[in-house]
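1. The following block contains a protein sequence and its predicted model.
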Amino acid sequence: MTVLGLDDTDSRERGMCTTYVADTVARRLVDDGATVERVLLIRCNPAVEHKTRGNAALAVHTDASVETAFEAAEGIVDEHAETADDRTNPGLVGAPGSPDGVPDGVASFAREAARSHHTRETALEHIEAAGYRTRSWKNGRGVIGALAAVGACRAFDDWTYEHIAYREPSRWGTDRNVDFDSVFEAADDYYPEVWDTVDRESGEAVCVPRTPGPVLYGIRGDDAESCRAVSDRIESEPVARARTFVTNQGTDAHLRAGTVSGARAGHAYHLDGRVAEVPETRRGGHVFFGIEDDEAALTCAAFEPTKRFRDRVRKLRVGDRLTVCGEVGDGTLKLEKFAVRALNRAELVTPTCPDCGRTMESAGRGQGYRCRDCGTSAEGKAERRIDRDLEVGWYEVPPRARRHIAKPLVRSGFDAPIHPEK
C-alpha cells in the first residue's frame, strides 16, 4: 500500500479545490491499472492563520508503488495547483505501507493538526524520520497538511462522508445551476443520516458553494449510500464527475477540553463555566456575554452570521451554568454550540408585605424594606422564581453558519438533550 498526502492547491480568489486535485490523482492511478481503496478529506485546525479556505488536506490510499503514485501526483499538482496565488503553497508526501501502520509520531502529528499548530520544520523532521518522499512548491507550507492527511487514518476514529459532485470545466467561474426544490426534498427524505445539506429556516441550500471552483455541491452525512442517494435526486447542470470522500467533518476533532483560565488564542475548546455578564447586542448584530470559572473570565460571542442562534444566546442570564464550544481569538470565544447545564430560575425583587400584599419601600440605604401602612419590614430583597424560555441541553449554530469540522447535534454522542437546527 501507498498513502499519498497533499494539501494547499486551492485559492480563495482563483478557485480550484484540493478535493478535485486528489480525485484527479485517484483517477489517474486507476487509469494506470492501480486500485484506490479510499480518498480521505481531512479538516485541519480552522483557526490556522495561513489556511486557504476550509483548511482541507487529502490522502489517497492506493496499491500503486510509492514511486508510481508520487510521480503521478507531482504532475497533477503541477498542472492544477493555483500557485499564482501568493497564499497557495502546495505540499506532497508519499508514504509506503498501510495507512494504519504509520509511526506514532505521524499519527500524533495528524491528531494535533486538527486542534493545534505545526511548523514546516516539524513536518519535515517527521517526514525524514519516517523515510517518506516529499515535494514542496513555493514555501512548501502544504507539507504540514499533507503529512497530517497521511497520518489521519490512525489519528481519528470518528468518520463521516461527503459526496462531492464536480462541474464541467467550461462552467467553472459561472453561476451554478441547481434546482433548490429538489435539494430540499431530498434533504428532507434523508435527514438525519444526511445533514447540513440545507438550512430550512433561511431557505439556503448550504451544500452548494458560492466560491469559484470545480465543486457543484457536496452532500455530507453518516452514511455513504444515503449521501449518494441525495445526490442522485438533485436536478442540476451536468455533473462532470463525483466522488465520495471519507472525512473527519462533523466530528468536533478540533475541540479540546480546557478551562476558562487556560484558553489560548488559535485553539478551539469546550469549557465549563457560568454566565457572568448579561448578553449584549452590539453594533453589527453581534451578541456578547461573559463566562467565568473560579479563576478567570472570558468573553463569548455569537456573531451576526449565526442568525437565530443569537436569540438563544440572548436568553441567557447571569448565573446560568454552561459548557461553551468554539475557537478563541483576540480574547473572545466564537461560539459554535453551547450546553445549558443549569438555569438560574430566580430573581431578586422588592419584597411584598405579608399582611396587606403591597410592595414594600426602601427603609434607607442598608436598612432593608418596610411597609409604611402595616409597619412590617424585610432585611433585603426577596427571591422570586421565574419561567425561562430555555431548556437544559445543547444548542447550536444553524447549518448556514456551521464549520466543516464542527459536529451537528443530530449526530450521536452528546451528554445532554439536544435542540438541533435543521
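-> Received, thanks.
2. Residue 223 and residue 232: what is the separation?
-> Distance, residue 223 to residue 232, using C-beta to C-beta, to the nearest Å: 14 Å. (Glycine included, C-beta is placed from N, CA and C.)
3. all helices in the stretch 301-422 of the chain, in order from the N-terminus.
-> Remark: helices assigned in the stretch 301-422 of the chain by DSSP state H, counting those that start in this stretch are 309-314.
4. in it, which spans are strands?
-> Assigned by DSSP state E, counting those that start in this stretch, the strands in the stretch 301-422 of the chain fall at 321-329, 332-342, 346-349, 361-362, 369-370, 377-378, 382-385, 393-396, 418-419.
5. Pipe the ones you listed into JSON lines and attach distance to residue 86 per row.
-> As requested, these are exported to JSON lines (distance: least, C-beta to C-beta, whole Å):
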{"stretch": "strand 321-329", "distance to residue 86": "23"}
{"stretch": "strand 332-342", "distance to residue 86": "26"}
{"stretch": "strand 346-349", "distance to residue 86": "55"}
{"stretch": "strand 361-362", "distance to residue 86": "66"}
{"stretch": "strand 369-370", "distance to residue 86": "68"}
{"stretch": "strand 377-378", "distance to residue 86": "69"}
{"stretch": "strand 382-385", "distance to residue 86": "60"}
{"stretch": "strand 393-396", "distance to residue 86": "35"}
{"stretch": "strand 418-419", "distance to residue 86": "43"}
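6. Distance to residue 288, mean neighbour count and mean pLDDT for the ones you listed - can I get that in TSV?
-> Formatted as TSV, these follow (distance: least, C-beta to C-beta, whole Å; neighbours: other C-beta atoms under 10 Å; pLDDT from 0 to 100):
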stretch	distance to residue 288	mean neighbour count	mean pLDDT
strand 321-329	13	21	97
strand 332-342	8	22	98
strand 346-349	22	12	84
strand 361-362	33	12	90
strand 369-370	34	20	90
strand 377-378	36	16	89
strand 382-385	27	12	85
strand 393-396	17	20	98
strand 418-419	22	17	97
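7. So for residue 163, which of the ones you listed sits nearest?
-> strand 393-396 (23.0 Å; C-beta to C-beta).
8. Quickly run through the sheet partners of that closest one, with directions.
-> As defined by DSSP bridges, the strand partners of strand 393-396 come to strand 332-342 (antiparallel), strand 418-419 (parallel).
9. Identify the residues contacting residue 46.
-> Under the criterion of C-beta atoms under 8 Å, 6 or more residues apart in numbering, the neighbours of residue 46 are 54-55, 254, 268, 327, 403-405.
10. Tell me the one of the residues you listed nearest residue 306?
-> Of the contacts of residue 46, the one sitting nearest to residue 306 (C-beta to C-beta) turns out to be residue 403, at 11.2 Å.
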